[in-house]
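> model this:
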Amino acid sequence: MDGDSGTETAVRVGDLTFDVYVGGPPDGEPILLLHGFPQHSAEWELVVPHLHAAGMRTYALDQRGYSPGARPAGAAAYTMEKLVADAAGVLDGLGLARAHVAGHDWGAAVAWALAGEHPDRVRSLTAVSVPHPRAFGWALRNDRDQRRRSAYFLLFRTRFLAEAILRAGGLRRMLIRKRADRYVSRMRQKGALTAALNWYRAPASLRTGPIEVPTTLVWSDRDPALGRTGAERTARYVTADYRFTELTGVDHWVPERAPEELARAILDRADIVPG
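Take a look at the predicted model:
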């Protein structure tokens, strides 16, 4: 992250070392922030000032493949089971028994699975863009529109070809132009782009069940990758208090396009009233 968004700290989990950016009042309600592809923790830097102002303590994690010290080789090292274990291990390393959790894109997938596997560790869940995994899976099987939106998965799972296209400019074209440099430069590190793509290439390892913690899904109606079907079906897979927040006129990059609205949704979910 940049500026006053957080102070970098290293957290060891097994043989891996994760970079975590910590900010906000030391006694604030803790929240773990999980980024998506092809970004890293910097995608939260416009959101965290609003959370800090409301008294939250933020922990923005550079996840497996994105932290230089946590970049193992091979797609099998990037299963959801391992990604969830990373998040739980980082909470342990930070001395946090429980935390609020917010995730965007792939970070939302990890957040859903963390809440499903370890509900005792998650005070509340705010998933951004990505619906519950079973709702998304249903949409992939039954909704032609979602299959069309997800066609890029085939490319990303194709070794060498995906790397070549993304390095040739495809990666930069995906992102918000004025913020692309910080993400593209990270992907130029040795092994970083393949590690990030390994999230798509890893074998399935978890089937996330119903979510038993208070949950909000924030979905935007101009997201080219994630359609309405999975978003609206998500309510079926949350047994606790559930809210669906739709952002109109916003594309996939919610934390950067609508940081105030997203922060408000997170704070509402955490039952924190800004001072």
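
> any idea of the pLDDT on the residue most central in space within the chain?
For the chain, Gly107 is the residue whose C-alpha lies nearest the centre (C-alpha atoms, centre = their mean; 1.7 Å). Here the pLDDT value assigned to Gly107 is 98.

> any idea which helix or strand comes after the lengthiest helix in the chain?
The longest helix of the chain (DSSP state H) is helix 80-93. Later in the chain than helix 80-93, the nearest helix or strand by DSSP states H and E is strand 99-104.

> Now do the strands in the stretch 1-150 of the chain.
Secondary structure of the stretch 1-150 of the chain (DSSP state E, counting those that start in this stretch): strands located at 7-13, 16-23, 29-34, 56-61, 99-104, 122-128.

> Alpha carbons of the last one, as CSV, please.
What follows is strand 122-128, C-alpha atoms only, in CSV (Å, rounded to 0.1, in the frame of the first residue of the first chain):
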residue,chain,number,x,y,z
VAL,A,122,-15.0,-14.7,11.3
ARG,A,123,-17.1,-12.0,13.0
SER,A,124,-18.7,-10.8,9.8
LEU,A,125,-18.2,-11.4,6.1
THR,A,126,-18.4,-8.8,3.3
ALA,A,127,-17.9,-10.5,-0.1
VAL,A,128,-17.3,-8.1,-3.0
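
> returning to that earlier point: what's in contact with the longest helix of the chain?
Contacting residues not belonging to helix 80-93 are listed as 11-14, 16, 18, 20, 32, 34, 59, 61, 63-64, 70, 97, 99, 101, 109-111, 113-114, 117-118, 121, 199, 202, 204-206 [C-beta atoms under 8 Å, 6 or more residues apart in numbering]. C-betas here are computed from N, CA, C, even on glycine.

> and the strands of the stretch 1-150 of the chain as TSV, adding distance to Leu193?
Written out in TSV, the entries for the strands of the stretch 1-150 of the chain read as follows (distance: least, C-beta to C-beta, whole Å):
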stretch	distance to Leu193
strand 7-13	22
strand 16-23	18
strand 29-34	19
strand 56-61	19
strand 99-104	19
strand 122-128	23
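
> So for Ala162, which of the ones you listed sits nearest?
Each of these was scored for nearness to Ala162 using C-beta to C-beta, and the closest is strand 99-104 (20.9 Å).

> Only alpha carbons, please: show the closest one as CSV.
Provided in CSV are the C-alpha atoms of strand 99-104 (Å, rounded to 0.1, in the frame of the first residue of the first chain):
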residue,chain,number,x,y,z
ALA,A,99,-11.8,-10.7,12.8
HIS,A,100,-14.3,-9.2,10.4
VAL,A,101,-13.3,-10.3,6.8
ALA,A,102,-13.8,-8.6,3.5
GLY,A,103,-12.7,-10.0,0.2
HIS,A,104,-12.9,-8.9,-3.5
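
> which residues sit against that strand?
In contact with strand 99-104 (C-beta under 8 Å, 6+ apart) are residues 29-36, 43, 56, 59, 87, 91, 109-112, 114-115, 121-130, 254-255, 266, 269-270.

> Now do the contacts for Arg60.
Wrong residue type there; residue 60 is Ala, not Arg. The contact partners of Ala60, taken as C-beta under 8 Å, 6+ apart, are 1, 5-6, 20-23, 33, 35, 41, 44-45, 48.

> And the residues you listed, which is closest to Asp223?
Distance to Asp223 across the contacts of Ala60 (C-beta to C-beta) is lowest for His35, with 16.2 Å.

> Could you export the strands of the stretch 1-150 of the chain as TSV, including distance to Gly230 and mean pLDDT?
Converted to TSV, these look like this (distance: least, C-beta to C-beta, whole Å; pLDDT from 0 to 100):
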stretch	distance to Gly230	mean pLDDT
strand 7-13	31	96
strand 16-23	29	98
strand 29-34	19	98
strand 56-61	25	98
strand 99-104	15	98
strand 122-128	11	98
